[in-house]
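1. Fold the stuff below for me.
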Amino acid sequence: MTHMEITRRKFVVSTAAAGGGMMLGFYMPSALAARLSVNPWERPSDKDGQEVNAWLTIDPDGSVTVRVAQSEMGQGPFTAMPMIVCEELQCAWNQIKAEYADANRHVRSGGGRTGTYMRMSTGGSGAVRRSRVYLQQAGASARERLKAAAGQAWGVDASQVTAKDGILSSGNRSGTFAEFASAAAGITLAEEPAIKTPDQFQFLGASVARLDTPMKVNGTATYGIDVRLPGMVYAAVEASPVPYGDLVSYDFDAVKDRPGVIQAVEVKRDEIGGRAGKQSTIAIIADSWYRAKTALEMMPKVWNNNGHDSVNSEDVFAEAHAKSKLPGGEVVNEGDTTAALASAAQTITNTYQSNYTPHACMEPMNCTISAANGRVDVYVGAQNPPGALVTVAEEMGIDAENVYVHNAFLGGGFGRRSRNDETRQAAAIAAQVGRPVKMLWSREEDMIQGKHRPYSVGRFEGGLDANGNVTALKVTVAAHSLTAHTRPSRIENGIDSGVLRGIRDTAYIVPNQYMDMHMVNTHIPLHYWRAVNATQNNWQLESFIDELAQAGGKDPIQLRKELTADEPQYQNLLTMLQEKSGFTTDLPKGMGMGVSLSEEFSTPVAHCATVSVSRRGQMTIDKFVTVVDCGHLVHPEMAAAQIESSIVYGLSYGWTGDMTIRNGVIQENNFDTFKVPRISQMPEVEVHFSLTRGDTWGGIGEPATPGATSAVANAIFYATGKRVTKLPLSHADLSWS
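-> Predicted coordinates:
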């Protein structure tokens, strides 16, 4: 029983068949199912369709395949991107298919922002807001070229040809897009057509059926973890438990005769940099991952921790708290904060502490590589496929044009899968194995070796006049610098203004502000997280804004309105939040409502959370009412789903999850110790949109994350009278009498 081949799909099917197990009910029209391959990297359009431009092809049956350059990790680009093209192209939605754009083609054409597909890195809530214009242009250009081709065939000017639902017509003549696709491909327009403005949209803004839903419901969608290749072997890996340690020795002889074991492979730590480099790693190669993992666990190893084994959470936070009381590197200096605080009728001071937190993606990190005859094929779920391609080329010493990334569906990303460190590690292993190899991290490896969101300690001091108006704000943040880890060249004079993200860039207008920072870095690797630094900082700022409101005798929403008086977008947002939530501070003891305000990626978000806290301190989050202004909506239901996802993701670090360091090692290595909210803990979420429209196009995947914990923390105060100053909230004593 040591060699079993069971996939998650087999598990679903077998448990359902056994009765009393799992049963998933769904409806999957065959027409919809055929519009997206279960292997999203497959490009049948290359052989079946006529390419009109790099973004779309038209098949003989009239179907239109849109190439999607953004990675699908649940946020919906396989639906949203084709919708944008469809709006301009004027085909019917049921004619649309989707496939991933070719990363190899993109790199061959220059890569980066100049390559064929403009932008293939998914992050920064930018799928729609950064891609919309050129996707609209691609659809509009293809439409006009099709019209021109039909006009030439019919002897009429293109302006006399109309396009609708995949049909071209002029007078009593008509034809399908497919009939004119080849001719259209050869037409060069004198000038590119203007794209539609939002007031002209006829399709965008509709909540159509997502193209990726059926295969994800029935389990046929291929994630990186699902890839199987002929002759493939498996690699289980273990990096230094203390990051940036080194492997001193290992005893492969102790396990080499175990069933299925093939070889041991060592990967040396390199000095490419914290963002791109490899950790010191030992891998066991076997004919199944279970056999490889078992042998790896049994094999004796000795590690050199390079001095990092003296790092403990308590010491890190103690140093950060001490630094927060000292002058730091200046980031913001407006007015005369020192004088304003000295003359204030009241001054309020408090210090808040945010924790490190992992990405904890549902799908652990993995990568499958096959190298033969000068060609390397990489199967992975990557947020940056061209980056993965270049990484493998560098590591294996071959030309990038000979590397092909087959991007799978991503079982969670949130920034983690934009780093490509697992791809580099897999390439280093594959180079020594000489046959197709799947490298898969265990959950424990995924948690310990994750690239985490930084911790932060913020000391806040505010001044109020006799009427409770905020006259001064002074903030000192001591934190692990994300920039120092990912882009150290951007650090000048020891200052990383990003440490104050979510505080220094709010819409609040305070006449006297001073903000400075300290870098208190550790050996823990960092990377971009959902909403980056704003998550650890917003709850600190928003908790303190509530403290100022209470001290000044003001309603929390009213104070936020006063601080954003010159911002109509925020005024509308807060007014709608008040109306939809019925916010009040007058609730029975044990119940509370709390609000928060934030903006990330050009999208302001206002939350109101309602909580219940028992006398013994047991908290239930009853409801979230959230108001969002992203300017425009492509797909309202997907947007609302992203807001809901952002809320639960924010609560996973703010409410339930923690990360602690003992002797240099992260202690929470699975979901029994790193807690995420369970289904039974998920609050009711009500999402509303207050849309500015006009030229505003904000992101949607991340902006609701920062304020989720903030609203809950403020609600806790009104329920219990206690102000929580350290995360996670679950560690606080919330009991009351």
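2. Please identify the helix or strand for residue 379.
-> strand 375-380 (DSSP states H and E).
3. Now tell me what touches the very next helix or strand once past that strand from outside.
-> Scanning forward in sequence from strand 375-380 by DSSP H and E, the next helix or strand is helix 385-396. Identification of contacts with helix 385-396 by Cβ atoms under 8 Å, 6 or more residues apart in numbering yields 71, 100, 103-104, 106-107, 111-112, 115, 120-121, 276, 369, 371, 376, 378, 380, 382, 399-400, 402-405, 407, 418, 420, 423-424, 427-428, 430-431. No exception for glycine: its C-beta is placed from N, CA and C like everyone else's.
4. ditto for stretch 45-59
-> 60, 64-67, 85, 89, 97, 99, 101, 105, 116-117, 135, 138-139, 141-142, 145-146, 177-178, 181-182, 184-185.
5. Then stretch 631-639?
-> Against stretch 631-639 from outside (Cβ under 8 Å, 6+ apart): 75-76, 79-80, 83-84, 128, 132, 198, 204-208, 210, 602-603, 628, 630, 687, 689, 691-698, 700.
6. List the buried residues of it.
-> 631-635, 637-639 (16 or more other Cβ atoms under 10 Å).
7. ok so, going back, adjacent strands (with direction) for the strand holding residue 379?
-> strand 366-372 (antiparallel), strand 403-407 (parallel) (DSSP bridges).
8. Let me know the angle separating the first one from helix 385-396.
-> Counting by axes from the mean of the first three to the mean of the last three Cα atoms, to 10 degrees, strand 366-372 points 60 degrees away from the direction of helix 385-396.
9. same thing with the last one?
-> Counting by the same axes, to 10 degrees, strand 403-407 lies at 140 degrees to helix 385-396.
10. Could I have the CA atoms of strand 403-407 written out in PDB?
-> Extracted in PDB, the C-alpha atoms of strand 403-407 (Å, rounded to 0.1, in the frame of the first residue of the first chain):
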ATOM      1  CA  VAL A 403      11.600  27.000 -23.000                       C
ATOM      2  CA  TYR A 404       7.800  26.600 -23.100                       C
ATOM      3  CA  VAL A 405       5.700  27.300 -20.100                       C
ATOM      4  CA  HIS A 406       2.400  25.500 -20.000                       C
ATOM      5  CA  ASN A 407       0.400  27.600 -17.500                       C
END
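11. Got phi/psi on residue 58?
-> phi -120, psi 120 (degrees, to the nearest 10).
12. does the spatially closest residue to it that is not a sequence neighbour belong to a helix or a strand, and which?
-> Leaving aside its sequence neighbours, residue 58 sits nearest to residue 181 (Cβ to Cβ, 6 or more residues apart in numbering; 3.9 Å). Take DSSP H and E as the rule and residue 181 turns out to sit in helix 177-185.
13. What residues of that helix count as buried?
-> Buried residues in helix 177-185 (16+ other Cβ under 10 Å): 177-181, 183-185.
14. repeat for stretch 596-607
-> Under 16+ other Cβ under 10 Å, the buried positions of stretch 596-607 are 596-607.
15. Which single one of the residues you listed is nearest to residue 305?
-> Nearest to residue 305 among these, counting by Cβ to Cβ, is residue 600 at 36.5 Å.
16. Quick check: the gap between the closest one and residue 507.
-> Residue 600 is 12 Å from residue 507, where distance means Cβ to Cβ, to the nearest Å.
17. any idea where the helices of the stretch 601-737 of the chain begin and end?
-> Assigned by DSSP state H, counting those that start in this stretch, the helices in the stretch 601-737 of the chain fall at 636-651, 706-720.
18. What is the end-to-end distance of stretch 687-696?
-> 19 Å (Cα to Cα, to the nearest Å).
19. Of all the residues in that stretch, which ones are buried?
-> For stretch 687-696, a neighbour-count test (16+ other Cβ under 10 Å) marks 687-692, 696 as buried.
20. what would the residues you listed look like in TSV with pLDDT?
-> What follows is these, written out as TSV (pLDDT from 0 to 100):
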residue	pLDDT
687	98
688	98
689	98
690	97
691	96
692	93
696	91
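21. Looking at those, which one is closest to residue 517?
-> The nearest member of the buried residues of stretch 687-696 to residue 517, counting by Cβ to Cβ, is residue 696 at 30.3 Å.
22. so what's the closest one up against?
-> Contacts of residue 696 (Cβ under 8 Å, 6+ apart): 602, 629-632.
23. Apply 7 Å and report the result again.
-> 602, 631 (Cβ atoms under 7 Å, 6 or more residues apart in numbering).
24. again, but for residue 229
-> 368, 370, 436.
25. picking up where we left off before, in strands, which of the buried residues of stretch 596-607 fall?
-> Judged by DSSP state E, strands contain the following of the buried residues of stretch 596-607: 596-600, 603-607.
26. which pair in the residues you listed spans the largest distance?
-> 596 and 603, at 14.1 Å, using Cβ to Cβ across those.
27. Show me where the chain dips below the pLDDT cut-off.
-> Along the chain, the model assigns pLDDT under 70 to residues 1-34, 271-276.
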